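J.: got a sequence here, can you build the structure:
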Amino acid sequence: MIKKYIRTARPDHYLKNLFVFAPIIFAGDLFELDLLVKILWTFISFCLASSSVYFLNDLCDLQYDRIHPEKKNRPVAAGLISPGHAAFVSAGLVTIALLVAWFLVNLEVAFMVLIYLIINLLYSIKLKHIVLVDILLISLGFITRILAGGLAIHVPVSDWLLLCVGLLALFLALSKRRTEFIKYNTDGKQIARKVLNQYSEKLLDQFISITATLSIITYSLYSILNVSHKHLIYTTPFVIYGIFRYLFVIYNRNGGANPEQEILRDKHLLITIFLWAISSIVIISFFQ
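T.: Predicted coordinates:
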């Protein structure tokens, strides 16, 4: 019985919430136990908040999911969870997420969690049907995570870091849209997302090319101009390879519909991210 609620909560998507750790890593405070505990609670708060959003999203998309070839098997669309129960669980998770952030971290983080929830509420109800706005809001969701991580440990977040994360989020979101467009485009009629009717494969390819290029350039400049950690430039090859590998997955394997699953499924991506994280932590923590 509990499995249907776990499926709707999408714990495999919690990888996105790891971005709250970025500020503590780039500040060189990863080994400060009291700060690390605050980041862990921030991560948990965002996991609860994101799960509440998925319950709400499935509730808002109920009619569309029922005619979707894959999403029709989701517990809410399949009738395994009633709309009333989905709304109740979503509200409960929101409450717990805000309480965890407020009492176990600080009021500022609770405020960022609230902003994240408002963004996703507007996204689920209306804004995900507006072309380009849907992509930009996904990117904004990642930026709120970064800001929350900085507020949790009272460390200013670099504008460069925000730009890097925002562009990477855009790249992943556009890749997801392209895969959905190709997979569910039947005789010009989109059944996966209404907004896909306003995109085209050529347009999405151009956007992906632009964001992939900008992501590499921005991270390279960030690592070069980072006076405190000048050796960070040596992590750039991992970023370049990771983006190239993801492009390979998109265009040669028709992947990208679920970035979290692609990362866990593709050992090259997984190893690259691991090596980037380890090298970044070592450089920032032990080299000046």
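
J.: so how far is residue 108 from the nearest residue to residue 270 once chain neighbours are set aside?
T.: Excluding the flanking residues, the one nearest residue 270 by C-beta to C-beta, 6 or more residues apart in numbering is residue 263, at 6.1 Å. Just so you know, the C-beta spots here come from the backbone N, C-alpha and C atoms, and that holds for glycine as well. Applying C-beta to C-beta, to the nearest Å, the value for residue 263 to residue 108 is 30 Å.

J.: next one: residue 226
T.: For residue 226, the distance to residue 108 - C-beta to C-beta - is 25 Å.

J.: now the strands: where do they sit in the protein?
T.: Taking DSSP state E as the criterion, the chain contains strands spanning 185-186, 189-190.

J.: correct me, but residue 208 touches residue 178?
T.: Yes: counting by C-beta atoms under 8 Å, residue 178 is a contact partner of residue 208 at 6.5 Å.

J.: which residues are in contact with each of the two?
T.: residue 250 (C-beta atoms under 8 Å, 6 or more residues apart in numbering).

J.: by mean pLDDT, which helix or strand of this protein comes out lowest?
T.: Using mean pLDDT, DSSP states H and E, strand 189-190 stands out as the lowest-scoring helix or strand of the chain, at a mean of 53.

J.: report how many residues lie close to residue 20.
T.: A count of nearby residues for residue 20, using other C-beta atoms under 10 Å, gives 29.

J.: give the contact list for it.
T.: By C-beta under 8 Å, 6+ apart, the residues touching residue 20 are 39, 42-43, 46, 145-146, 148-149, 152.

J.: could I get those as JSON lines with pLDDT?
T.: Below are these laid out as JSON lines (pLDDT from 0 to 100):
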{"residue": "39", "pLDDT": "97"}
{"residue": "42", "pLDDT": "97"}
{"residue": "43", "pLDDT": "97"}
{"residue": "46", "pLDDT": "97"}
{"residue": "145", "pLDDT": "96"}
{"residue": "146", "pLDDT": "96"}
{"residue": "148", "pLDDT": "97"}
{"residue": "149", "pLDDT": "96"}
{"residue": "152", "pLDDT": "96"}
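
J.: return the closest of those with respect to residue 100.
T.: Distances from residue 100 to the contacts of residue 20, taken as C-beta to C-beta, are shortest for residue 42 (8.7 Å).

J.: which residues sit in contact with the closest residue to the closest one other than its chain neighbours?
T.: In space, and not counting its chain neighbours, residue 42 is closest to residue 152: 4.5 Å by C-beta to C-beta, 6+ apart. By C-beta under 8 Å, 6+ apart, the residues touching residue 152 are 20, 23, 35, 38-39, 41-42, 105-106, 108-109.

J.: so which of those residues is surrounded by the most neighbours?
T.: Of these, with other C-beta under 10 Å as the count, residue 42 tops at 31 neighbours.

J.: returning to what we had before: looking at the contacts of residue 152, which is nearest residue 169?
T.: Among these, and counting by C-beta to C-beta, the member closest to residue 169 is residue 20, at 13.8 Å.

J.: what pLDDT does the closest one get?
T.: Here the pLDDT value assigned to residue 20 is 96.

J.: next one: it from residue 108, what distance?
T.: Here residue 20 is placed at a distance of 13 Å from residue 108 (C-beta to C-beta).

J.: with residue 261 instead?
T.: According to C-beta to C-beta, residue 261 stands 33 Å off from residue 108.

J.: wait, what's in contact with the most centrally placed residue in the chain?
T.: With distances taken as C-alpha atoms, centre = their mean, residue 16 lies nearest the centre of the chain, 3.9 Å away. By C-beta under 8 Å, 6+ apart, residue 16 lies in contact with 50, 141-142, 145, 260.

J.: confidence-wise, which of those residues comes last?
T.: On pLDDT alone, residue 260 ranks lowest of the contacts of residue 16, at 84.

J.: having no further points to raise, I will conclude here.
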